[in-house]
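Visitor: Everything below, folded, please.
(chains A and B)
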2 protein chains.
Amino acid sequence: MSLLEEKFLKLGAEYAPGQEVRQNTVEVDIHKKRMLGSSVDFSHGDVDAFEPIPGSLDIFIEGVNSGGKQAYTEYRGSKNIREDAAEKLSIFAGTTINAEQNLIITPGTQGALFLAMGASISRGDKVAIVEPDYFANRKLVEFFDGEVVPVHMDYFDNDNSAGLNLTQLEDAFRAGVRLFLFSNPNNPIGVIYSQEEIYEIAELAQNYGVTVIVDELYSRQIFDGRAYTHLCAQNILNPENIITIMGPSKTESLSGYRLGVAFGSAKIIDRMEKLQAIVSLRDGGYNQAVLKSWFSEPKGWMEKRIAQHQAIRDDLVKKFWNAQGFKVRATEAGSYLFPQFPELTISIYDFVKVLRVQAAVTVTPGTEFGPKFKDSFRINFSQNHQVATDAIDRIIQVVEEYRK
Amino acid sequence: MSLLEEKFLKLGAEYAPGQEVRQNTVEVDIHKKRMLGSSVDFSHGDVDAFEPIPGSLDIFIEGVNSGGKQAYTEYRGSKNIREDAAEKLSIFAGTTINAEQNLIITPGTQGALFLAMGASISRGDKVAIVEPDYFANRKLVEFFDGEVVPVHMDYFDNDNSAGLNLTQLEDAFRAGVRLFLFSNPNNPIGVIYSQEEIYEIAELAQNYGVTVIVDELYSRQIFDGRAYTHLCAQNILNPENIITIMGPSKTESLSGYRLGVAFGSAKIIDRMEKLQAIVSLRDGGYNQAVLKSWFSEPKGWMEKRIAQHQAIRDDLVKKFWNAQGFKVRATEAGSYLFPQFPELTISIYDFVKVLRVQAAVTVTPGTEFGPKFKDSFRINFSQNHQVATDAIDRIIQVVEEYRK
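Guide: Reported below is the predicted structural model:
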């Protein structure tokens, strides 16, 4: 097998969220009858149930009407939109963002992640990645010929923290890791790192000269009034060694516009722009305009959205807690749940296919978030409340039917 | 210097089209007075002078209104939009495109280029690149740790062909090159490869087992009724070794929407999708909808657009031909001219800065298209006719003032 074939084998996207239609389900043996109920795609949020920020389309149209200056921006994004975003994000994240030097607009947070990793990883570099964490994190390290050093998160055994194994993290830094990427709130668990964990990460990174990329995609959707600690606001780690990533694709339902930002280290942002120049030139010019609606939502809109999601979480978590053999930690922020299920007679890959065909429910297998999570799946519960609740009953029933 | 620093030094984007506002012009010695005239940015087309396809915004709005199914598509793009594009492009390019296997929608043709190159280059691979050709081609090879093998185009010495040095091309293939990327019509020269050249490229590639990526971005804007030969329509080279790239960013002025497609080899398209999954997930969902307007322009719209550009070309070329010391080959397709200018007392880098500050004219230095083109610059003449013509007078005057 050639180097390239090997690389792309590792990049397999068959089980990635959104790609389920390309799965081969013909060979799956569905020995029970199909269940009744509305089909639900838990692989991502439903923007029909939770619509984009009001007025976002109008801002897009204004962008188109303003013509060439909006169509062709600097590769890092339109100056006045960067200025607007820098001001709002400085307040939100408790840091100082210079729009000229410290911020880039990207095609979604996925775009920001790719550029930040491409700007930071050299062949053979060791990169610490949390397990479980967002599925692309490991794939990015592998694509750039780095080496993944996993750091475990004991999310079931901790109530007041995410449960990151800090001893393992220090061991990884001591063993030569110079880059650490993690999502906070964690994807797929939906837990927030405690203030102590963030301090410790920052101190360790500062001591060992490690650069940290923090994916804060879901940091606006916090439940139960919990505290959230931005790494970039702590003044512990050299700001030139921090990149923070955010975007309006999740809570704000603007995913269809592909908008994201990265802010922090001027040196890394500069490299990210050079890379963006050959990756896709710039985030869609007209799309960039829509970023103006972000952090400018109508009064009360965000609070209502958070309350609605918290209510869905409550119902879903209750169902899993009451079901035999399931284990789940309640979401603290974001729209993800990562339930662990009892041992089945079929593999997790067949299980997700059976769920799709028999129960009309799409979930993402745990193995996308780390090789050992063969007993868990992720759901994004940003869905119609009733439809989501009913679908959980069907998942529990399928598990009952295939239980060992 | 670290490996990564070296890599990003090569990726320098300071002189890349669209980045001119980030140039430091303070140190340039402008010893002549500023000229009067409307400022012109020849680094890209002016979508205010030549507007997007009528109705494209309406199709975008329909896309937004259709909700979640348009926001979240497969990574390779929405199925029905791929089907529509595959049908139209099969006719245009004289080939057979299966929408399921042979086509991917990307964020602009730049996105398609990046994905196609990333899916085809392994560390150390030799890649043949034409000189001059699109500036990102060389940068992409370098970013993926390949080795550029230049193949020269003698564009001044040939009237009935682009002037590609086919002996050099065969030498490159014989020396181990397994990938050849070129743009047709060529960017920055605006010449079309002759039927004989395309046959020869296809035969050489077939004999040596070379994969060919053809960037046909400007292949709809053909002047003087010339013939155009699609490599993919010749049935000489194995179709699994061809990727063709196109998009509606140029002639159709849809650059602000970031739309492109790649079609051809199922194996490479498959890899491109896996790569897109970690680069930016998908081309913006709502944006994809706009692709439906492509090849469905109002009757006569494309013909008129071509005629208008041909008329601008005629006036601009005449001016350069009449100016002392200039040499230029007339554009055969697309909106580029690549004039060669006489020896100056200042470097090409200072020359482009002087042009910006003194004459309010932005051009792209020839060195972006190959290291030896220190005596040429590229202009995109998709501009207001009068404004463009006047700007050429100012360019000629500046050259007069700084002539050796």
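Visitor: Can you report how many residues lie near residue A:209?
Guide: 11 (other CB atoms under 10 Å in any protein chain shown). No exception for glycine: its C-beta is placed from N, CA and C like everyone else's.
Visitor: and the closest residue to it other than its chain neighbours, what does it touch?
Guide: Spatial nearest neighbour of residue A:209, excluding adjacent residues (CB to CB, 6 or more residues apart in numbering or on different chains): residue A:178 at 6.8 Å. Applying CB atoms under 8 Å, 6 or more residues apart in numbering or on different chains to residue A:178 gives the contacts A:125, A:126, A:208, A:209, A:210, A:211.
Visitor: ok, now with 7 Å
Guide: Counting by CB atoms under 7 Å, 6 or more residues apart in numbering or on different chains, residue A:178 touches A:125, A:209, A:210, A:211.
Visitor: per-residue pLDDT, the third one?
Guide: The predicted structure scores residue A:210 at 98 on the pLDDT scale.
Visitor: Got phi/psi on it?
Guide: phi -100, psi 140 (degrees, to the nearest 10).
Visitor: Let me know whether it touches residue A:174 as I believe.
Guide: No: in this structure residue A:210 lies outside contact range of residue A:174 using CB atoms under 7 Å: 10.6 Å.
Visitor: The two - which one has more neighbours?
Guide: residue A:210 (21 against 11).
Visitor: and the gap between that one and chain B?
Guide: Separation of residue A:210 from chain B (CB to the nearest CB, to the nearest Å) stands at 15 Å.
Visitor: can you check residue A:4 too?
Guide: Separation of residue A:4 from chain B (CB to the nearest CB): 4 Å.
Visitor: now chain A, which segments are flagged as low pLDDT?
Guide: A:25-27, A:29-31 (pLDDT under 70).
Visitor: Helices of that one, start to end?
Guide: A:3-10, A:56-65, A:68-71, A:79-93, A:108-118, A:135-143, A:166-174, A:195-208, A:266-279, A:285-289, A:301-322, A:348-359, A:385-402 (DSSP state H).
Visitor: how about those, which one is nearest residue B:21?
Guide: For residue B:21, the closest of the helices of chain A is helix A:79-93, at 7.9 Å, according to CB to CB.
Visitor: how about that closest one against chain B, any contact?
Guide: No: against chain B, helix A:79-93 shows no contacts by CB under 7 Å from any CB of the partner chain, the least distance being 7.9 Å.
Visitor: Would you mind listing the buried residues in that helix?
Guide: A:81, A:82, A:84, A:85, A:86, A:88, A:89, A:90, A:93 (16 or more other CB atoms under 10 Å in any protein chain shown).
Visitor: Check stretch A:56-76 too.
Guide: Buried residues in stretch A:56-76, counted by 16+ other CB under 10 Å: A:56-57, A:59-61, A:63-64, A:66-68, A:70-76.
Visitor: If you tally nearby residues, what's the number for residue A:130?
Guide: 30.
Visitor: who's it bridged to?
Guide: residue A:151 (DSSP bridges).
Visitor: Now do the contacts for it.
Guide: The contact partners of residue A:130, by CB under 7 Å, 6+ apart, come to A:151, A:153, A:164, A:182, A:186.
Visitor: could I get the residues you listed as a markdown table with distance to residue A:323 and neighbour count?
Guide: Putting the contacts of residue A:130 into a markdown table (distance: CB to CB, whole Å; neighbours: other CB atoms under 10 Å in any protein chain shown) gives the following:
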| residue | distance to residue A:323 | neighbour count |
| --- | --- | --- |
| A:151 | 30 | 23 |
| A:153 | 24 | 25 |
| A:164 | 28 | 25 |
| A:182 | 30 | 24 |
| A:186 | 23 | 28 |
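Visitor: Could you list the residues of the stretch 101-250 of chain A in contact with chain B?
Guide: So the stretch 101-250 of chain A meets chain B at A:107, A:108, A:110, A:111, A:114, A:122, A:123, A:136, A:139, A:140, A:143 (CB under 7 Å from any CB).
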